[in-house]
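Asks: structure of the sequence below:
(chains A and B)
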Amino acid sequence: MATESIGPKRLVVGAHYGLGDWLAQRLTAVFLVAYTLIVVVYLVVVVRANGALDYEAWAGVFVPLWMKILTLTAILALLYHAWIGMRDVWMDYVRPTGIRIGLLLMTILWLIFCAIYAAQILWSV
Amino acid sequence: MANDTASARTRPQFRNLSLGQLATYRLPPAGLVSILHRVSGVGLFLMLPVLLWMFQLSLLSEDTFDRLRMVTGNVLVKLILVGVFWAILHHLVAGIRYLALDLHVGIAKEPSRKSALAVFAVSLPLALVAALWLFGVI
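Replies: Take a look at the predicted model:
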């Protein structure tokens, strides 16, 4: 709860600034479910056509540009989804401001690292 | 406000759970789904670089693909992957339930209890299938 006030009367708190993140977490979730279904169906089709999922067949899935873009978008959605979730976890369980900010910062760096790593992996195929 | 001070002294207090109470505290099914949604989410967050590394091995070349097969041949790695599969499945199924609850579908006491049990009824058998597949039973 906000105890610091700016000016003699007014408490400065955000108005519904949490709604955007709440909604973003749901929208990224829906997108991730859709992406998962697309990939599972796609893999079943590939396995049926190939007989097995060897290296050629598996890597072939991620060769088309549309698949790279779709997958990277899904990974970015996942990372944003994870950011909101981890932020909520830190806010719920970690009270000391310094430690909390440190953890939030490390979470952001961790996710940025993953985003760059994922892009590098996808474009190496 | 002044009148409240006398009754406040006798008012029962419900504090946060202490760590010692966690072992004996029995959560309702919905509570269990909820905390496991968190645990699985945090677990997957921590596993992200490892999973990306495995993804990289699988895509880079025929050699690294074979190396990944060797890595995942290890029993300990298999056990960790069973955990990852469970986490994905629980997070996915429980997440779909939360999307329904957000749309005010099944928010009454009994339906929400049943859907919480349904989450386990779907996610646990699927995790078992994943485990059997990983260990080469099926």
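
Asks: quick one: contacts of stretch A:19-26?
Replies: Where contact means Cβ atoms under 8 Å, 6 or more residues apart in numbering or on different chains, the residues beyond stretch A:19-26 that reach it are A:Y80, A:H81, A:I84, A:G85, A:R87, B:L99, B:D102. Every C-beta, even on glycine, is put in place using the N, C-alpha and C of the backbone.

Asks: wouldn't the second one be in contact with A:A29 here?
Replies: Yes: under the contact definition of Cβ atoms under 8 Å, A:H81 touches A:A29, with a separation of 6.3 Å.

Asks: skip ahead from the helix ranked longest in chain A and say which helix or strand is next.
Replies: Identified as the longest helix of chain A according to DSSP state H is helix A:18-50. From helix A:18-50 onward toward the C-terminus, using DSSP states H and E, the following helix or strand is helix A:55-61.

Asks: same for that following helix, what does it pack against?
Replies: Contacting helix A:55-61 under the criterion 3 or more Cβ pairs under 8 Å, 6 or more residues apart in numbering or on different chains; DSSP states H and E are the following elements: helix A:18-50, helix B:29-60, helix B:62-71.

Asks: which residues of chain B lie near chain A?
Replies: Where chain B comes near chain A, counting by Cβ under 8 Å from any Cβ of the partner chain, the residues are B:38, B:41-42, B:44-45, B:48-49, B:52, B:55-56, B:58-62, B:65-66, B:92, B:95-96, B:99, B:102.

Asks: narrow these to just the buried residues.
Replies: Members of the residues of chain B next to chain A that pass the buried threshold by neighbour count (16 or more other Cβ atoms under 10 Å in any protein chain shown) are listed as B:38, B:41, B:44-45, B:48, B:52, B:55-56, B:58-60, B:65, B:92, B:95-96.

Asks: any stretches of chain A with poor pLDDT?
Replies: Across chain A, the stretches falling below the confidence threshold (pLDDT under 70) are A:1-17.

Asks: near chain B, which residues of it are found?
Replies: On the criterion Cβ under 8 Å from any Cβ, chain B has as its neighbours in chain A the residues A:26, A:29-30, A:33, A:36, A:55, A:58-59, A:62, A:82, A:85-86, A:89, A:110, A:113-114, A:117-118, A:121-122, A:124-125.

Asks: weed out the non-buried ones from these.
Replies: Of all the residues of chain A next to chain B considered here, the ones buried according to neighbour count by 16+ other Cβ under 10 Å are A:26, A:29, A:55, A:58-59, A:62, A:82, A:85-86, A:89, A:110, A:114, A:117-118, A:121-122, A:125.

Asks: surely B:V71 touches B:L81?
Replies: No: the pair B:V71 and B:L81 fails to qualify as a contact (Cβ under 8 Å) at a distance of 10.1 Å.

Asks: more neighbours: the two, which one.
Replies: Neighbour comparison, B:V71 and B:L81: the larger count goes to B:L81, with 19 against 13 (by other Cβ atoms under 10 Å in any protein chain shown).

Asks: SS state for that one?
Replies: helix (DSSP: H, G, I helix; E, B strand; the rest coil).

Asks: got the confidence number for it?
Replies: The per-residue pLDDT reported for B:L81 equals 97.

Asks: closest one of the buried ones among the residues of chain B next to chain A to B:T10?
Replies: When these are compared for distance to B:T10, the smallest value, 35.3 Å, is given by B:R38; criterion: Cβ to Cβ.

Asks: show me what contacts the residue lying closest to the closest one once chain neighbours are set aside?
Replies: Spatial nearest neighbour of B:R38, excluding adjacent residues (Cβ to Cβ, 6 or more residues apart in numbering or on different chains): A:V89 at 6.5 Å. Taking Cβ under 8 Å, 6+ apart as the criterion, A:V89 is in contact with B:R38, B:G41, B:V42.

Asks: with distance to A:V46 and pLDDT added, can I get the residues you listed in TSV?
Replies: Putting the contacts of A:V89 into TSV (distance: Cβ to Cβ, whole Å; pLDDT from 0 to 100) gives the following:
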residue	distance to A:V46	pLDDT
B:R38	34	97
B:G41	29	97
B:V42	32	97
